[in-house]
Each structure stands twice: as structure tokens, then as C-alpha cells.
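In: structure for this input, please:
(chains A, B, C and D)
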There are 2 protein chains.
Amino acid sequence: MARPREFDRDAALERAMQVFWAKGFASTSTDDLREAMGIGRQSLYGAFGDKRTLYLEAFDAYLRRIGSAHLSRLSYGSPVEGIENLLAGLAPEDDRERELGCMGVGSVSEFGTTDPDLNLRRKVLGELLIRHVARRIVEGQERGELASKLDPDETAAFVLMAMTGLQIAARGGASAKELKSMARFVTCRLMP
Amino acid sequence: MARPREFDRDAALERAMQVFWAKGFASTSTDDLREAMGIGRQSLYGAFGDKRTLYLEAFDAYLRRIGSAHLSRLSYGSPVEGIENLLAGLAPEDDRERELGCMGVGSVSEFGTTDPDLNLRRKVLGELLIRHVARRIVEGQERGELASKLDPDETAAFVLMAMTGLQIAARGGASAKELKSMARFVTCRLMP
DNA sequence: TCAATTATGGACTGATGTGTCAAAAATTGA
DNA sequence: TCAATTTTTGACACATCAGTCCATAATTGA
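Out: This next block holds a predicted model:
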């Protein structure tokens, strides 16, 4: 029934996500979005509501994608390999991709804790990640790959902190080589 | 000669810095600035040029202040104490102050590497800090406080990365207690 | 006292930004 | 074929924003 949409909603959301990711919320105009999404103004508002609602939806899509990418890298190989892989995954060789950094980190920088909707979303993913990292740390300790004196939860929090450090470094122009060697350095600091 | 300024230029710059620090460049309007600085529009433009020039000057003031604070904390006590102190200095007990995070990190998030003036300023301070941290690390190794197998420059880069991680965590709402225990954790990872 | 100079206050300009309106177009079901 | 519904298009309304203009005020040096 009724006239069908002429554009691919998911593809348009993907484009919006890229723009918000690269430029943040405030520096992105609805016209930037409209142009990147390749649709008209009313189509944008009709399909996504207002700018903030679109940002939230783009943020959700971002977190889903990056969350599963992180978990996939973390689970690859031995615990130590998984953790190094998780960190090294923040250092893609492609310059443009690497310099985007992390949209989650960007949202913290831009909004701090002022937006409850963003806070909640970050908290959910953060806790999910920390659980999985802690689990791999325990596994690594059982295998003798990781220092047994380390508290798994605290160490997992450390790994997440290192991730944000690497992501900011990436956005600040660090090379893939530098980031990867830092990923290895961090991982080595957890060994016996 | 001529009519003297009615406001304190340094105090006004300080206020502007606080606003940019809290809200970033794009989200700060010249009216936000004018109000926080307690001066009229023409006074603002007359004394500081345009918005971007004011941001640059505020950024310079910020970097000078925070740079000397970092160096002072780093040089306090033994090398290990100095490093932990440097990191713990990012976790003030006052909530409002802590949640500001770091304006330098904020500028990376907001602008990436797109602004050469900002890039240069960050590079200068970053290299200064890394030199001083590396020097303390060598000192710590000589004293046997820090693991001698660590490369001082790489370790110093790691400490700076940890700093940005902590600063983002602070802006994201982490407690002073959490941050301080993370500062200790990071420092301990460098011990023999 | 007066000329020169700089600061201030308030109005103003032109651009940009977000969101809406209304008419036309496309589709489905009767 | 036509009524109902939704999308699209382009124009539009209204707010905000950065920066400027101009008249007035305050100060210094002659």
C-alpha cells in the first residue's frame, strides 16, 4: 500500500553513520547528511525523524557493528593472541579508515555524560566487552599465558582503557605500525 | 594613550578556555563565550580576533598550564611515584573538574588531524612530555624500580596512551577511585 | 581644553541551520 | 479507474550564528 520508498534505508543510515563518525554531531549539518545519504530533505525527516534521532540510530548501528567485530577478534586464537588481535584491530592499514577513530569515543568527547541515551548504550556495550575480555584473561591465566596475579576484571578494564587510548592516537594521526607495536606492548605487559 | 580595556584579558581568556574545554569548538557559540567572559561582543572581537583565533589562544593557555602540571607531577618523588602521580593527576576528586577530561584529547576527537595549527601544538607538547617520561623511566630502570627490558621511548609512549585512555574514561564518568586504581595498575605493569 | 585613539554597547547583516508545509507523484486495493 | 496512503520535491519559516558598523564613551598627550 502507498508509495514505496525510493532509497535503501539501511544504506542511507550507513552513510549517515559515516558522516557522524567522521565529524561528530554538532559539526554535521542536516544538509551534510542529506547529501551523503543521497536523498531529499523530507525523505530524511520522514524516514528518520530529526537529527538527534538519526544520530542515535546511527550510533546503535555503529555499536552493533563494532561490538561484534571486537568480539570476533578477541575470540580468535589463544587468549593472548585474542587480546593483541582486539587491540591491533584498532589499527587498520587504510589511512582514512584508521583516522576515523571510534565513534563511541567521539561521543564521549563530544557529550561527556550529559546524554542519558548515549550513556546507556555505551554502558551496555562496555560491560559486554569487559565480560568477554575478562573471560579470556581467566582462560589465559589458566593456560599460563597471562600473569596469574592479575585481577581479571581490573585487567579487562585496563584493556578497554588501552583501546580508547589507541583509538584517540589513531584519530590523532598515529601510523598503523606504531599502533600495532603499541598493541603488542600492551599485551606483553600482561604476561608473567 | 586611548581608552583602556575595562576587563581583565587573562581572566576573560581563562573563562573562554573553560567553555571550549567543556563543550568543544563547534558546540560553543560566540554568545556562550561572550556571556562566560562577561564582556560585550565588540570587546571580544577587538581583543581576541575571531572565534577560531580565540580558540587557538585558549588552547595555548590550556597546553601551557596542563603541560607544566604534568611535568611537576612526573618529577615528584621516585620515578615510579612520579609516573603514578602523573597518571593519578588525571583523576581529581572534584567531579566537575574530572569530567572535563582533557582539552587536547577533545581537540583530537573534534578535529582529527585536519587542523595543522592544532597538530603542531599537540606535537610539541607530546614530544616534550614523552622525553621527560622516558628520562624518568631510564632513571627508574637504573634504580631497579622499573623493568630493565622495557624500551624507554616505547614505554613513555605507552604512558601517554594510558593518559589519554584515562582522560576519556574521566570524561565518560569514571570515578576518581576507579581512575586512581587504574593509574596504579598501569604503573605496576612497568615494574620488574 | 582639545585632538587623537582605543574601548564599549547595541543594532544590524548575511549566512547557515533545523525543521515544516503543500503540492505533485507513485503505489495498492477496491 | 478511482480513493486512500505514503513518498518526494522544492519552497519556506524561523532561529541561531559569526562577524561588522556606528555612535558614544573614556583616556592620553599636546
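In: contacts only, for A:R122.
Out: Applying CB atoms under 8 Å, 6 or more residues apart in numbering or on different chains to A:R122 gives the contacts A:L63, A:G104, A:S107, A:V108, B:G172. Every residue, glycine included, has its C-beta placed from N, CA and C.
In: what count of nearby residues applies to the first one?
Out: Here the neighbour count serves as a burial measure; for A:L63 (other CB atoms under 10 Å in any protein chain shown) it reads 19.
In: just the third one next, same as before
Out: By the other CB under 10 Å criterion, the neighbourhood of A:S107 contains 25 residues.
In: what's near enough to touch it?
Out: A:S107 touches A:F25, A:F59, A:D115, A:L118, A:R122, counting by CB under 8 Å, 6+ apart.
In: do the last one as well
Out: Each residue near B:G172 by CB under 8 Å, 6+ apart is listed here: A:V108, A:G112, A:T113, A:R122.
In: in terms of helices and strands, where is the first one?
Out: Translated: A:V108. helix A:103-111 (DSSP states H and E).
In: after that helix, next one along is what?
Out: helix A:116-143.
In: follow-up on the earlier one: what's the closest of the contacts of A:R122 to DNA strand D?
Out: A:S107 (20.1 Å; CB to the nearest atom of the strand).
In: close to DNA strand C, is whichever strand or helix holds A:R65?
Out: Assigned by DSSP H and E, A:R65 falls within helix A:51-74. Yes - using CB under 7 Å from any atom of the strand, helix A:51-74 reaches DNA strand C at A:K51, A:R52.
In: who's in contact with that helix?
Out: With contacts defined as CB under 8 Å, 6+ apart, helix A:51-74 is touched by A:13-14, A:16-17, A:20-21, A:25, A:28, A:30, A:33, A:44, A:48, A:82-83, A:85-86, A:88-89, A:102-104, A:107, A:117-118, A:121-122, A:125, A:128-129, A:132-133, A:136.
In: repeat that with 6 Å
Out: Around helix A:51-74, the neighbours that count as contacts under CB atoms under 6 Å, 6 or more residues apart in numbering or on different chains are A:13, A:16-17, A:20, A:25, A:30, A:48, A:82, A:85-86, A:89, A:103, A:121, A:125, A:132.
In: what's the angle from that helix to helix A:103-111?
Out: 140 degrees (axes from the mean of the first three to the mean of the last three CA atoms, to 10 degrees).
In: and helix A:51-74, what's buried?
Out: A:51, A:54-59, A:61-63, A:66-67, A:70-71, A:73-74 (16 or more other CB atoms under 10 Å in any protein chain shown).
In: select, from the residues you listed, the two members most distant in space.
Out: Largest separation among the buried residues of helix A:51-74 by CB to CB: A:K51 and A:L74, giving 33.7 Å.
In: compare the contacts of B:G172 and tell me which is most surrounded.
Out: Result: A:V108 is most packed of the contacts of B:G172 (other CB under 10 Å), 26 neighbours.
In: low-confidence ranges in chain A?
Out: Within chain A, the stretches with pLDDT under 70 are A:1.
In: apply 90 and report the result again.
Out: Applying pLDDT under 90 to chain A flags residues A:1-4, A:6.
In: interface residues of it facing DNA strand C?
Out: A:1-4, A:28-31, A:41-42, A:45, A:50-52.
In: tell me the one of those residues nearest B:E93?
Out: Using CB to CB, A:R52 comes nearest to B:E93 of these, at 33.2 Å.
In: rewinding a little: are the helix holding A:R65 and DNA strand D in contact anywhere?
Out: No - Helix A:51-74 is not in contact with DNA strand D by CB under 7 Å from any atom of the strand; minimum separation 13.4 Å.
In: what's the burial count for A:L33?
Out: A:L33, neighbours per other CB under 10 Å, totals 22.
In: for A:F185, same thing?
Out: By other CB under 10 Å, the residues close to A:F185 number 20.
In: what comes up buried for the strand or helix carrying it?
Out: Here A:F185 sits within helix A:176-188, counting by DSSP H and E. Neighbour-count burial for helix A:176-188 flags A:A176, A:E178, A:L179, A:K180, A:S181, A:M182, A:A183, A:F185, A:V186, A:T187 (criterion: 16+ other CB under 10 Å).
In: in a markdown table: the residues you listed, plus distance to A:D94.
Out: Converted to a markdown table, the buried residues of helix A:176-188 look like this (distance: CB to CB, whole Å):
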| residue | distance to A:D94 |
| --- | --- |
| A:A176 | 9 |
| A:E178 | 15 |
| A:L179 | 13 |
| A:K180 | 14 |
| A:S181 | 18 |
| A:M182 | 18 |
| A:A183 | 17 |
| A:F185 | 23 |
| A:V186 | 22 |
| A:T187 | 23 |
